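Undergrad: Okay, sequence plus prediction incoming.
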Amino acid sequence: QEVEHPADFLCPISMEVMKDPVIAMDGHSYERQNIERWLEDHNTSPLTNQ
């Protein structure tokens, strides 16, 4: 049986439960590895594109 986790526990990039969450400058939480990888190629938030 699969357990449902609160949406706040999920990284918005991977949609997986965060194990090492960080809060980015946009105020949203991300899995550290995912947001670091995102920021290597982008200068914007993955959620707001700002």
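TA: Okay, I see it. Residues are numbered from 1 along each chain as shown.

Undergrad: And the helices in this structure, which stretches?
TA: Listed in chain order, the helices of the chain (DSSP state H) span 32-41.

Undergrad: beta partners of the residue nearest the centre of it?
TA: The C-alpha lying nearest the average C-alpha coordinate of the chain belongs to Y30 (Cα atoms, centre = their mean; 2.4 Å). Beta bridges link Y30 to V22, judged by DSSP bridges.

Undergrad: tell me the contacts of it?
TA: Residues in contact with Y30, defined by Cβ atoms under 8 Å, 6 or more residues apart in numbering, are C11, P12, I13, M18, P21, V22, A24, W38, P46. Placement of C-beta: from N, CA and C, glycine included.

Undergrad: now the residues you listed: which count as buried?
TA: C11, P12, I13, M18, A24, P46 (16 or more other Cβ atoms under 10 Å).

Undergrad: Of the residues you listed, which belong to strands?
TA: Residues of those located in strands (DSSP state E): none.

Undergrad: is it possible to export the residues you listed to TSV including distance to N34 and pLDDT?
TA: Below are the buried ones among the contacts of Y30 laid out as TSV (distance: Cβ to Cβ, whole Å; pLDDT from 0 to 100):
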residue	distance to N34	pLDDT
C11	5	98
P12	9	97
I13	4	97
M18	9	98
A24	10	96
P46	8	96
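
Undergrad: re the thing from before, which of the contacts of Y30 sits closest to V3?
TA: Distance ranking of the contacts of Y30 against V3, using Cβ to Cβ, places M18 first at 14.9 Å.

Undergrad: residues touching the closest one, list them.
TA: F9, L10, C11, S29, Y30, E31.

Undergrad: And the residues you listed, which is closest to V3?
TA: F9 (10.6 Å).

Undergrad: Setting the sequence-adjacent residues aside, check what's closest to that closest one.
TA: Leaving aside its sequence neighbours, F9 sits nearest to V17 (Cβ to Cβ, 6 or more residues apart in numbering; 5.2 Å).

Undergrad: How about the one you found: which residues does it bridge to?
TA: Going by DSSP bridges, V17 forms beta bridges with L10.

Undergrad: Per-residue pLDDT of it, please?
TA: pLDDT recorded at V17 is 96.
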